[in-house]
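Visitor: I would like the atomic coordinates for the input below:
(2 chains)
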Number of protein chains: 2
Amino acid sequence: MSADAPPTLPVALDAVGGDHGAAPNVEGAVAAARSGLSILLVGDRVRLHAELGRHPGSGRLPLEVIDTPDVIGMDEHASDVRGRPQASINVATRLVKEGRASAVVSMGHSGATMASSLLTLGRLKGVDRPAILTHLPSKTGMVTVLDVGANADVKAAYLAQWAQLASIYLQVLEGQERPTVGLLSIGEEDHKGNALTLEAHALLRQLKSINFHGNVEGRDIFQGTTDIVVTDGFTGNIVLKLAEGEAKVLFGWVRDALNSSLSTKLGGLLVRGALRGIADRLDPSTYGASILLGVRGLSFIGHGSADARAVKNALLRADRAYQTRLVERLSSELAATMMPTPVSQAHP
Amino acid sequence: MSADAPPTLPVALDAVGGDHGAAPNVEGAVAAARSGLSILLVGDRVRLHAELGRHPGSGRLPLEVIDTPDVIGMDEHASDVRGRPQASINVATRLVKEGRASAVVSMGHSGATMASSLLTLGRLKGVDRPAILTHLPSKTGMVTVLDVGANADVKAAYLAQWAQLASIYLQVLEGQERPTVGLLSIGEEDHKGNALTLEAHALLRQLKSINFHGNVEGRDIFQGTTDIVVTDGFTGNIVLKLAEGEAKVLFGWVRDALNSSLSTKLGGLLVRGALRGIADRLDPSTYGASILLGVRGLSFIGHGSADARAVKNALLRADRAYQTRLVERLSSELAATMMPTPVSQAHP
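Guide: Residues are numbered from 1 along each chain as shown, chains lettered A, B, ... in the order given. Okay, here's the model as predicted:
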């Protein structure tokens, strides 16, 4: 740990959230704890201890259960967050707010996680709306896309803020210097797009703090034309789900093709290992969860269908974001961007 | 040909449009003509005859050159359509308007083709804005998506009109009875979406003439959850280009994987044939071109990068649309939908 590392804190996991309840959460937490990470398991004590019992030796790991019987189910309303302070997601998020946890991670109700983060942690100064940032595989490695679903209707100013947030994020967390930003549109030319992107394009052009490439198209996402692709949460959510859905269907077809005859089965044995590398590259559980960028604290939102590997990777990623002091960096760099003329210079 | 087949007419091809000029257009036209289709090649006579000279025996095929030296280049403005009546796309579209051609097909400037169709042919009654309809491969065969780029900013009423147009289109051209319609959104639940889709959802629910499934998500496109996916032209264009771009990148990775070692190369020989079937399914040239739905005539818009196979398939598809009297059916069925109470019934 470097000299300016923050004090050691556990990650808070909404340990009963998600389509498969406690099982993948606890299994992922146990795996992350084995690599040294401290974790607070927030959820119903009885269920969590039952799951922990399936993992021999988990009693000696840095895992602590925070007994919280209430949980917001996948089919309930996000607005329930307001009236149920003892729901697991609210308890987990408050641990971050109170400085008792480094980050909150949830594979549960996405809307509830967002609402809880927004209400409990609040927004960073200069951010109108937090955005969900995620990664997709690309020819160049990975491409960072936001917003993928927090905001269905947006203003051009939000896109400009998200471009700044994502640029700082990649610099701090991935060490990418001046990552390129593309605005998702329907033509490379500046004048192509809809009313929103035309306005956003003009704003992005003026931003000195980002490395704006210009418009990118749908095909540029997998080409990896830019490091960051910024878009509204409606389009971004469709992009994310289409990209994942297409990869799944295409690889199903490849699997079927390899099983279609005796000779393809034989050939399949020889190529399967090489193809598995592609499948891994496309696996959303590599990143584990997406970050809610723009709130005053670390909040990670995963797939409801997340498996133990996704939970583990999300917990490790959350801790890494904490170790790099991501939120402090976002806050200070945004403040610097917003004040091109500091007060001291205004009085020569 | 059935008893009520329309009079025989040639298809008009904007034969110099596209990234590769006359070559793929003429090659595709020759291939279509060999299967019996009559084609008017609209473009510069010298260039077209030079290309035809490369195809022995093409002089005996039902191909006629309409000499039109002017062409709207890929880097010119769509609005140039207005001031250049002798540009190839305008001449080709006028042949449809004047009843001398069954349809216009262009691999040239998409915006110019749309503008020319709209100005020359006009809109069908009950259609506010024409939409570009295309097909994507899916688990169930194919999924029909519109609008994929004609309208960047839309109103909810347009989406409702497009759902009707696409339903009639699939019924007439593909023989699909009551195809299902999905509204592309960010959640299956009725209340999820942006301002546009929420309003459109309510309109679509009320339409008796379509088989409305409800909202679909990005992942439903390749799943083939519905026969038709209706969306605005901004989102649809991104969906189309992402889907094509992702398929291209993933198959590049598969190709690389098969070439990565001696044993994968050997395995590759055994599986290549089976994998080629998937590549064919994903090849946009299977359909050749997208139809501009909602104008008073048949207009097909292809990729600028179209190859001869795409040109041939587009020409055959255009002729099939003409043989099925698609435009007349769209016109009469739209009129029936718009008038639930015919005048005769209003006076019992």
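Visitor: only C-alpha atoms for contact and neighbour calcs from this point on.
Guide: Fine.
Visitor: mind checking how far the residue nearest to residue A:242 when sequence neighbours are not counted is from residue A:304?
Guide: Nearest non-adjacent residue to residue A:242, counting by C-alpha to C-alpha, 6 or more residues apart in numbering or on different chains: residue B:218, 4.1 Å away. From residue B:218 across to residue A:304, the span is 16 Å (C-alpha to C-alpha, to the nearest Å).
Visitor: Any idea how many residues pack against the residue nearest to residue A:242?
Guide: Counted with other C-alpha atoms under 10 Å in any protein chain shown, residues neighbouring residue B:218 total 25.
Visitor: ditto for residue A:36
Guide: Around residue A:36 there are 12 other residues, counting by other C-alpha under 10 Å.
Visitor: quick one: it and residue A:60 touch, right?
Guide: No: counting by C-alpha atoms under 8 Å, residue A:36 does not reach residue A:60; the two are 11.3 Å apart.
Visitor: who touches both of those two?
Guide: Common contacts of residue A:36 and residue A:60 (C-alpha atoms under 8 Å, 6 or more residues apart in numbering or on different chains): none found.
Visitor: circling back to that earlier point, distance of the residue nearest to residue A:242 from residue A:37?
Guide: According to C-alpha to C-alpha, residue B:218 stands 35 Å off from residue A:37.
Visitor: ditto for residue A:208
Guide: Distance from residue A:208 to residue A:37, counting by C-alpha to C-alpha: 38 Å.
Visitor: Tell me which other helices or strands the strand ranked longest in chain A touches.
Guide: The longest strand of chain A (DSSP state E) is strand A:131-138. Applying 3 or more C-alpha pairs under 8 Å, 6 or more residues apart in numbering or on different chains; DSSP states H and E, we find strand A:131-138 packed against strand A:141-146, helix A:218-223, helix A:262-282, strand A:290-293.
Visitor: For the ones you listed, could you give me a markdown table that also reports mean pLDDT?
Guide: Output for these, formatted as a markdown table (pLDDT from 0 to 100):
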| stretch | mean pLDDT |
| --- | --- |
| strand A:141-146 | 95 |
| helix A:218-223 | 97 |
| helix A:262-282 | 87 |
| strand A:290-293 | 96 |
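Visitor: Test my guess that residue A:90 contacts residue A:81.
Guide: Yes: contact criterion C-alpha under 8 Å: residue A:90 and residue A:81 qualify, at 7.1 Å.
Visitor: Show me whatever sits in contact with both of those two.
Guide: residue A:116.
Visitor: Compare these two and say which one has the larger neighbour count.
Guide: Ranked by neighbour count (other C-alpha under 10 Å), residue A:90 and residue A:81 place residue A:90 first, with 27 against 24.
Visitor: phi, psi of that one?
Guide: Main-chain torsions, residue A:90, degrees, to the nearest 10: phi -70, psi -40.
Visitor: which ones are touching the closest residue to it other than its chain neighbours?
Guide: Nearest in space to residue A:90, with sequence neighbours left out and distances taken as C-alpha to C-alpha, 6+ apart, is residue A:116 at 5.9 Å. Contacts for residue A:116 (C-alpha under 8 Å, 6+ apart) come out as A:81, A:82, A:89, A:90, A:93.
Visitor: mind redoing it with 7 Å?
Guide: By C-alpha atoms under 7 Å, 6 or more residues apart in numbering or on different chains, the contact set of residue A:116 is A:81, A:89, A:90, A:93.
Visitor: where does chain A come near chain B, residue by residue?
Guide: A:139, A:152-153, A:186, A:193-195, A:217-219, A:221-222, A:234-235, A:237-239, A:241-242, A:244-246, A:249, A:253-254, A:257-258, A:263-264, A:267-268, A:270-271, A:274-275, A:278 (C-alpha under 7 Å from any C-alpha of the partner chain).
Visitor: Kindly supply the PyMOL command isolating those of those that are buried.
Guide: Of these, the buried ones can be selected in PyMOL as follows, counting by 16 or more other C-alpha atoms under 10 Å in any protein chain shown:
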select buried, chain A and resi 139+152+186+193+194+217+218+219+221+222+234+235+237+238+239+241+242+244+245+246+249+253+254+257+258+264+267+268+270+271+274+275+278
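Visitor: Distance check, the residue nearest to the spatial centre of chain A against residue A:278.
Guide: Centroid-nearest residue in chain A, with C-alpha atoms, centre = their mean: residue A:290, separated by 1.2 Å. Noted for residue A:290: a distance of 21 Å to residue A:278, by C-alpha to C-alpha.
Visitor: mind showing which ranges of the stretch 1-150 of chain A have poor pLDDT?
Guide: Flagging of the stretch 1-150 of chain A using pLDDT under 70 yields the residue ranges A:1-4.
Visitor: Which stretches in the stretch 51-200 of chain A count as strands?
Guide: Using DSSP state E, counting those that start in this stretch, the strands of the stretch 51-200 of chain A run over A:63-67, A:104-106, A:131-138, A:141-146, A:180-184.
Visitor: Run the chain-centre distance for the third one.
Guide: Centroid displacement of strand A:131-138 relative to its chain, using C-alpha atoms, centre = their mean, to the nearest Å, is 7 Å.
Visitor: Name the strands paired with it and say parallel or antiparallel.
Guide: Strand pairing for strand A:131-138, using DSSP bridges, gives strand A:141-146 (antiparallel), strand A:290-293 (antiparallel).
Visitor: And for the second one?
Guide: Taking DSSP bridges as the criterion, strand A:104-106 pairs within the sheet with strand A:11-14 (parallel), strand A:299-301 (parallel).
Visitor: Can you tell me what sits against it?
Guide: For strand A:104-106, the surrounding residues in contact (C-alpha under 7 Å, 6+ apart) are A:11-14, A:17, A:92-93, A:96, A:113, A:298-302, A:315.
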